[in-house]
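>>> I'll drop the sequence and a predicted model, then ask my questions.
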Protein chains: 2
Amino acid sequence: MPVQIRKLDSSDSDFKSRLSAVLAFEAGEDAAIDQAAAQILADVKARGDAAVLECTNRFDRLDAASVAALEISQSEMQQALAGLPAGRRAALQTAADRVRAYHERQKKECGSDGFTYTEADGTVLGQKVTPLDRVGIYVPGGKAAYPSSVLMNAIPAKVAGVQEVIMVVPTPSGVKNELVLAAAAIAGVDRVFTIGGAQAVGALAYGTDTIPPVDKIVGPGNAYVAAAKRRVFGIVGIDMIAGPSEILVICDGSTDPDWVAMDLFSQAEHDELAQSILLCPDAAYIEKVEASINRQLDAMPRKDVIRTSLTNRGALLKVRDMDEACEIANLIAAEHLEISAENPQQWADKIRHAGAMFLGRFSSESLGDYCAGPNHVLPTSRTARFSSPLGVYDFQKRSSIIQVSEAGAQTLGEVAAELAYGEGLQAHARSAEYRLK
Amino acid sequence: MPVQIRKLDSSDSDFKSRLSAVLAFEAGEDAAIDQAAAQILADVKARGDAAVLECTNRFDRLDAASVAALEISQSEMQQALAGLPAGRRAALQTAADRVRAYHERQKKECGSDGFTYTEADGTVLGQKVTPLDRVGIYVPGGKAAYPSSVLMNAIPAKVAGVQEVIMVVPTPSGVKNELVLAAAAIAGVDRVFTIGGAQAVGALAYGTDTIPPVDKIVGPGNAYVAAAKRRVFGIVGIDMIAGPSEILVICDGSTDPDWVAMDLFSQAEHDELAQSILLCPDAAYIEKVEASINRQLDAMPRKDVIRTSLTNRGALLKVRDMDEACEIANLIAAEHLEISAENPQQWADKIRHAGAMFLGRFSSESLGDYCAGPNHVLPTSRTARFSSPLGVYDFQKRSSIIQVSEAGAQTLGEVAAELAYGEGLQAHARSAEYRLK
């Protein structure tokens, strides 16, 4: 049975409302999950290690004697790395090296040195940039355990200069993922605890006798983890709460349709809520991609997930021209945007909102997912309108520097006092006036 | 009656637990307020302008006929500016000019141009930086209506290149704050609506027929506003939810004690939950500051607020030496840190965590609050461990650029396919393999 993927045309009178329907996604907020996460957090805050141990033994069906017994040693991580088949180990190392190189470049280019400047009267103003002290990385256990995510979360932290990176990863029934441990070894993760869920988020946020408190928690997790992260936000920093993954392909109609179909599959295979959309001005080409989807689907091991994703959330959109494709892409603000076209830069220049842009036919999203270098943790669900890929800057923070000279205090003091009186804050005004001669 | 401000000594055996008690602050989470905010948001999402108008007329005791009637025109903003006394207008303009100059510098220094680099095989990697399209600024009405906050929130957005800045400010009983409107005019705010509360947050997040949806909402508000901002986070970006303001003064004992006492007052006068702490190695100097506090307090118009703040949340800490003062300052991670000392840079070099550092005796916090140039929206409640002053970067976002050459796709494709098969994602692997010759 052919995939019932939606087909829209921008010249349809109801195009805008149909596009909105395609994009609509409400992250389910489950009050029961939120309450359960809140209770676990409160328990971990009150009882520390004892609570973490009880939750872990219960939810992950373990029989550990202490939280310390749940720590994985550096030598076990190194063994996991040494035990990999040579080809896989080499691929992981190449990916890590490229991710590190990109983020080193990013660190250099994104103002990590801070700045100061001196005004005519000797007043110095500026900004100091420092790494976070300690960061926690949540890595899911089970089916969604991706070693590439370990690299993408840990390496930017280390490049930023974070002293201690603590990874948590649940091991339901005691099953460890050797590739994940190997990735942790390559990425330079400092400590690993085999805990997960809201109890792991609580341990990282509040600290326990065994697990030191961190300053920020990053990495994806299930609904309990997401609820717990929302609740500890403010005690620690968190990354964005990720929604389902998305790909938007803009194609000028000159790429092999099989390539584009497979690129759409590569997003759809993630999960049934993932979203794959094609924008193209060439109706005949869209037909070819649709035919390719139906021809290639049955050979895919994850064909059921792909079919459901494409049916419920996918779309093939006929647009007037490439300019309109770019306009619509800015509305969609996709996590991954492929511009599969001749001279892609002309279209990239028109894109304001996208997590990552893959330019030209050889830039498949999968290359970026693993080893191109830029981060694969990207803003989903239109949040690329206001947020950025995970980066070195997420593991740094800035402090303003204000060193007012005696001369500077004479002019600034008068201005500050005038405005402070205007706001009814007399101590502010007097504090400024004390510095006047 | 003398102020009962706590005095601690780092050599006391119970120092750490007493310091923790001083710093402890739990932002009250009020389930009733959260529920009320959620209901208002749902109403605004469902009914748009009608809901905003009803809430505004009811909560702010107005009788407006439409949301459009709640908009303040540019000419009314300009009239507010023209109507200011000349001295106040000049002070506001000077402050705005200095804030703009600092943020222009910040924009230049913080990687706003993005970057690209080309690898040996022709693959191009990089990062594109773009401003947000449209931003909402929440400005409280009533007693906490600070024109300086309008400048500090709107100017970085405009410097970043945000096309449209929409300000909301409630006007309970129809009372408008002319200084706030004048500041909006100077800062270049594009549109102003006299709405507030959760209904204003909802209008900005979802958009209505009259009020366009924004991409990010910044600015302080009451508990309803904070609850609403937390709930719309993800639909739009938000800034940090600010806690009570704090000052930490490290003094080497050589600054006029009256200056330091007044600097502590300038924080304490904000509200009863504000926190003022002094760290000093000189016990006799601490006595002098305490005497100055008691001598100066009665002359302060906001003496009751100052007394309550210093009694409940203030502290004078005797430390072993300036090095220990810096260690403790890193634990406290204060919003405002004054280093009132000779050669302050040597101590500033040891500080890892602070929102803003004020170096030397002439750099009173009040100068930074109004007109030094750096932003006065700063991380509170120890969040300087992982977050930064409001800045141009909060109104920009980044997109990764990945343009893989045909040659690059040959090497990257093999690595990506190897790792994709390892993760069980066959469409990812095939997508990479299609690009191999």
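Everything's here; your move. Numbers count the residues shown, from 1 in each chain, chains lettered A, B, ... in the order given.
>>> Just the strands from the stretch 101-250 of chain A, written as ranges.
A:115-118, A:124-131, A:134-138, A:164-168, A:191-193, A:216-218, A:237-238, A:246-251 (DSSP state E, counting those that start in this stretch).
>>> Save those strands as TSV, and put in distance to B:A274 and mean pLDDT too.
No exception for glycine: its C-beta is placed from N, CA and C like everyone else's. Listed next are the strands of the stretch 101-250 of chain A as TSV, based on distance: least, Cβ to Cβ, whole Å; pLDDT from 0 to 100:
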stretch	distance to B:A274	mean pLDDT
strand A:115-118	29	97
strand A:124-131	24	98
strand A:134-138	28	98
strand A:164-168	33	98
strand A:191-193	38	98
strand A:216-218	26	98
strand A:237-238	23	94
strand A:246-251	44	98
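>>> Of all the ones you listed, which one comes closest to A:L412?
Closest approach to A:L412 among the strands of the stretch 101-250 of chain A (Cβ to Cβ): strand A:124-131, 11.0 Å.
>>> Relative to A:S112, how far out is A:R100?
A:R100 sits 15 Å away from A:S112, going by Cβ to Cβ, to the nearest Å.
>>> rewinding a little: could you save the strands of the stretch 101-250 of chain A as JSON lines and add columns showing mean neighbour count and distance to chain B?
As requested, these are exported to JSON lines (neighbours: other Cβ atoms under 10 Å in any protein chain shown; distance: least, Cβ to the nearest Cβ, whole Å):
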{"stretch": "strand A:115-118", "mean neighbour count": "14", "distance to chain B": "4"}
{"stretch": "strand A:124-131", "mean neighbour count": "21", "distance to chain B": "5"}
{"stretch": "strand A:134-138", "mean neighbour count": "27", "distance to chain B": "9"}
{"stretch": "strand A:164-168", "mean neighbour count": "24", "distance to chain B": "13"}
{"stretch": "strand A:191-193", "mean neighbour count": "23", "distance to chain B": "19"}
{"stretch": "strand A:216-218", "mean neighbour count": "26", "distance to chain B": "5"}
{"stretch": "strand A:237-238", "mean neighbour count": "23", "distance to chain B": "4"}
{"stretch": "strand A:246-251", "mean neighbour count": "26", "distance to chain B": "10"}
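>>> out of the ones you listed, which comes closest to B:A24?
With Cβ to Cβ as the criterion, B:A24 lies closest to strand A:237-238 of the strands of the stretch 101-250 of chain A, at 19.8 Å.
>>> what about stretch A:39-49, near chain B?
No: on the criterion Cβ under 8 Å from any Cβ of the partner chain, stretch A:39-49 is out of touch with chain B, staying 11.0 Å away.
>>> Not counting that stretch itself, show me its contacts.
A:51-52, A:55, A:66-67, A:197-199, A:201-203, A:205-211, A:224, A:228, A:231-232 (Cβ atoms under 8 Å, 6 or more residues apart in numbering or on different chains).
>>> In helices, which of those fall?
Those of the contacts of stretch A:39-49 mapping onto helices are A:51-52, A:55, A:197-199, A:201-203, A:205-206, A:224, A:228, A:231-232, per DSSP state H.
>>> Check which residues of the lengthiest helix in chain A are buried.
With residue count as the measure and DSSP H as the assignment, chain A has helix A:86-109 as its longest helix. By 16 or more other Cβ atoms under 10 Å in any protein chain shown, the buried positions in helix A:86-109 come out as A:88-89, A:91-92, A:94-96, A:98-103, A:105-107, A:109.
>>> Ok, stretch A:303-318 next?
Neighbour-count burial for stretch A:303-318 flags A:303, A:305-310, A:312-318 (criterion: 16+ other Cβ under 10 Å).
>>> export these to a markdown table and tack on secondary structure and pLDDT?
Below are the buried residues of stretch A:303-318 laid out as a markdown table (DSSP: H, G, I helix; E, B strand; the rest coil; pLDDT from 0 to 100):
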| residue | secondary structure | pLDDT |
| --- | --- | --- |
| A:K303 | helix | 96 |
| A:V305 | helix | 96 |
| A:I306 | helix | 97 |
| A:R307 | helix | 98 |
| A:T308 | helix | 97 |
| A:S309 | helix | 97 |
| A:L310 | helix | 98 |
| A:N312 | helix | 95 |
| A:R313 | helix | 96 |
| A:G314 | coil | 97 |
| A:A315 | strand | 98 |
| A:L316 | strand | 98 |
| A:L317 | strand | 98 |
| A:K318 | strand | 98 |
